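Enquirer: coords please:
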Amino acid sequence: MNSQLHDQLKSHIWEIANRLRGPYRPPQYRLVMLPILVLRRLDCALEATKDDVMEQYQKLSAQGMPENAMEKLLGKAADPERTHPLYNTSPFTFRRLLGDAENIAPNLVAYINGFSPSARSIFERFKFTDQIEKLDASNRLFTIVKEMAGVDLHPARIDNLQMGYLFEHLVMRFNEQANEEAGDHFTPREVIRLMANLIYTGEQDVYTPGIYRTIYDPACGTGGMLSESEKFILAQNESANLALFGQEYNDESWAICCSDMLIKDEETSNIVLGDTLGDGKTRDGFEGERFHYMLANPPFGVEWKDQKSVVEKEHELHGFSGRFGAGLPAINDGSFLFLQHMLSKMHPAPQVGGEGSKIAIVFNGSPLFSGDAGSGPSNIRRWIIENDFLDAIVALPDQLFYNTGIFTYVWLVSNRKAPERRGKVQLIDGTRFFERMKKSLNNKRNEINEDQIRHLTRLYGAFRDGETAEVVIDQKTGETESRTVSRVFENREFGFLKVTVERPLRMNFEATPERVEKLNDQTAFTNLATSKKRKDEAAAAREIAEGRKLQDLIRAVLASLEEQGRYLDRTELEADLTAVARLNGVKIPAPTGLPKSVIKPCLGPGCPLPAPASG
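Expert: So this is what the prediction gives:
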């Protein structure tokens with residue numbers, strides 16, 4: 001790739017984007033620049049054969065051929081080298097649009113409507129016609145089209161791979177500008193690179209020349225994980241035959257992802273628009289399909305109420321023959337639903353004659369710890385571990401994502417573990433593998449550099465228990481310390497049972513001097529020697545004196561019980577207490593709550609006796 005040209009294009013396109021300032025804020029630049037960048041690339045690719053396509057289109061139209069039947073013929077007329085048809089049947093190009101400044105808005109709409117169906121659907125989801133109206137009203141449309149017409153994006157100058165890199169970079173930069181919402185559909189590139197490094201470590205087959213492999217992301221957003229996976233593999237195996245698949249429910253994210261696929265001449269129909277879990281209107285776009293590699297960053301801590309009826313029905317009716325047989329998580333976090341969905345799409349394991357699959361998925365801490373024994377999340381974890389699917393968990397630094405500062409974790413899940421990894425789980429502490437960013441982007445203040453990605457990948461590949469590393473513990477001073485960063489445990493060590501042990505409460509009561517003394521700590525007892533008659537001092541003094549006399553009598557009554565020893569039965573204590581009080585002419589007043597709420601807490605130690613020895 002020509003790095004100098006790449007950098008020039010990035011700068012030039014950003015300069016054009018700045019011409020939008022005024023009607024658009026920088027976070028909104030992507031609404032115009034991403035679709036018009038795609039449009040210009042297609043314009044450059046198709047301009048040379050424009051007249052041939054128009055001639056073929058008119059010829060086929062004269063024959064009465066319906067447009068859907070023309071697609072392959074027009075695609076070959078436009079570019080015989082492309083695998084997936086791409087053409088435009090309108091009379092316009094960027095240059096011709098500039099020849100009629102007065103009608104540039106309607107002509108640009110007509111130009112977009114003249115594209116082949118796959119391209120046209122992308123611009124529809126971009127809602128670019130809305131932006132055309134806004135640009136025209138603010139007198140920016142002609143300027144932007146003119147500036148973009150001067151950018152040469154012809155495939156002879158910039159091949160599909162380089163164009164893909166350029167598009168990915170601009171998607172990243174525009175999303176960083178819109179950092180208040182970027183996290184909803186954008187995973188930091190270094191996190192994706194780490195996941196790609198981890199998931200393909202130890203996968204020797206993927207580097208076999210001519211190998212066919214499928215890669216799937218059920219929450220693909222703008223397609224970053226698919227693109228990075230493809231880039232990672234092709235950098236080491238140019239002849240690999242890769243098929244990318246994904247599903248996304250957000251229109252703009254879907255359009256961006258499909259644009260990248262279209263630019264690289266890949267199958268856009270492999271990116272499905274809709275809710276992966278199923279919301280009643282859309283559903284799993286790849287029902288019954290199996291994939292070799294799956295990567296995902298599903299939403300953190302997002303409720304699945306909208307999918308509740310579909311998910312619960314599938315769980316109840318289909319069990320393990322469906323996607324959610326292991327159980328259902330709490331309604332406030334659907335992360336485990338995505339993982340179960342991905343597990344249902346694994347190829348059969350090699351032990352049963354299949355190719356097997358491998359998964360990398362980003363979670364917050366909830367799937368690790370939430371749910372008591374026997375709950376939905378606990379049962380899902382148990383099922384994953386008992387089936388020996390869980391390969392490793394890598395703890396990532398905090399403040400790594402745009403929309404959250406929490407710690408996150410990469411789970412590696414597979415049904416084709418290497419022999420030495422079977423029956424075991426590796427835990428890697430990567431929380432100190434980061435460096436501070438010079439400028440934060442919303443919640444993102446940390447990033448993982450390339451050396452740290454390689455280090456974490458080596459830790460995973462080495463699979464050593466107790467391996468240590470020198471890590472920075474203070475980013476300001478650079479202070480370091482040696483820490484254990486890799487542990488390996490057997491699956492059985494993660495199992496636990498919750499057992500509730502119940503036994504009768506066995507209290508004891510005894511009128512010892514120490515316990516009788518506790519009466520002085522009881523408000524009801526001390527209130528016997530008080531008076532509310534503050535205005536009549538004589539009457540108040542009488543009441544206080546009588547109260548103190550009663551207190552002394554109660555103490556005497558209790559002292560007389562000392563010789564009875566320890567009571568293990570509450571009713572026996574109450575009976576003896578009442579009898580002794582009556583014998584001594586002591587009337588214990590009801591308002592004090594004696595003996596139940598005052599005397600018994602004093603005579604009882606407040607702790608159970610040990611159970612009697614058996615036999």
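
Enquirer: next structured bit after the helix or strand containing residue 256?
Expert: Using DSSP states H and E, residue 256 falls within helix 251-263. Following helix 251-263 in sequence order, the next helix or strand is strand 271-273 (DSSP H and E).

Enquirer: helix/strand/coil for residue 497?
Expert: Secondary structure, DSSP: H, G, I helix; E, B strand; the rest coil: residue 497 is coil.

Enquirer: that one: neighbour count?
Expert: Residues lying near residue 497 (other CB atoms under 10 Å) number 6. Backbone N, C-alpha and C define where each C-beta goes, glycine included.

Enquirer: what's the per-residue pLDDT of it here?
Expert: Confidence at residue 497, expressed as pLDDT, is 75.

Enquirer: isn't it right up against residue 373?
Expert: Yes: if you go by CB atoms under 8 Å, residue 497 and residue 373 touch, sitting 6.2 Å apart.

Enquirer: from residue 526, how far off is residue 498?
Expert: Distance of residue 498 to residue 526, given as CB to CB, to the nearest Å: 44 Å.

Enquirer: please apply the same query to residue 316.
Expert: From residue 316 to residue 526 the distance is 62 Å (CB to CB).

Enquirer: residue 283 now?
Expert: Relative to residue 526, and taking CB to CB, residue 283 is found at 71 Å.

Enquirer: and residue 365, its phi and psi?
Expert: When quoted as degrees, to the nearest 10, the phi and psi of residue 365 stand at phi -80, psi -20.

Enquirer: surely it touches residue 411?
Expert: No: contact criterion CB under 8 Å: residue 365 and residue 411 do not qualify, at 11.8 Å.

Enquirer: higher neighbour count, residue 498 and residue 526?
Expert: Using other CB under 10 Å, the more surrounded residue of residue 498 and residue 526 is residue 526, with 13 against 9.

Enquirer: and the closest residue to that one other than its chain neighbours, what pLDDT?
Expert: Take residue 526 and drop its neighbours on the chain: the residue closest to it by CB to CB, 6 or more residues apart in numbering is residue 520, 6.6 Å away. Looking at residue 520, its pLDDT reads 82.

Enquirer: let me see the ranges of the strands in the chain.
Expert: 212-217, 241-248, 271-273, 293-296, 358-363, 390-395, 409-414, 424-429, 435-441, 444-447, 467-472, 480-490 (DSSP state E).

Enquirer: including mean neighbour count and distance to residue 508, could those strands go into TSV?
Expert: Putting the strands of the chain into TSV (neighbours: other CB atoms under 10 Å; distance: least, CB to CB, whole Å) gives the following:
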stretch	mean neighbour count	distance to residue 508
strand 212-217	21	65
strand 241-248	21	66
strand 271-273	21	70
strand 293-296	26	60
strand 358-363	24	51
strand 390-395	22	50
strand 409-414	22	50
strand 424-429	20	48
strand 435-441	12	62
strand 444-447	20	59
strand 467-472	15	54
strand 480-490	14	45
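
Enquirer: closest to residue 98 out of those strands?
Expert: Of all these, it is strand 271-273 that lies closest to residue 98, at 32.6 Å by CB to CB.

Enquirer: tell me the helices and strands packed up against the closest one.
Expert: Packing partners of strand 271-273 (3 or more CB pairs under 8 Å, 6 or more residues apart in numbering; DSSP states H and E): strand 241-248, helix 251-263.

Enquirer: quickly, which of those bottoms out on average pLDDT?
Expert: For these, the weakest mean pLDDT is recorded on helix 251-263, namely a mean of 87.

Enquirer: counting by contacts, list what it packs against.
Expert: Against helix 251-263 (3+ CB pairs under 8 Å, 6+ apart) you get helix 30-47, helix 117-126, helix 160-177, strand 241-248, strand 271-273.

Enquirer: show me where the stretch 301-450 of the chain has helices.
Expert: Ranges of helices within the stretch 301-450 of the chain are 308-318, 335-343, 366-369, 376-386, 450-462, based on DSSP state H, counting those that start in this stretch.
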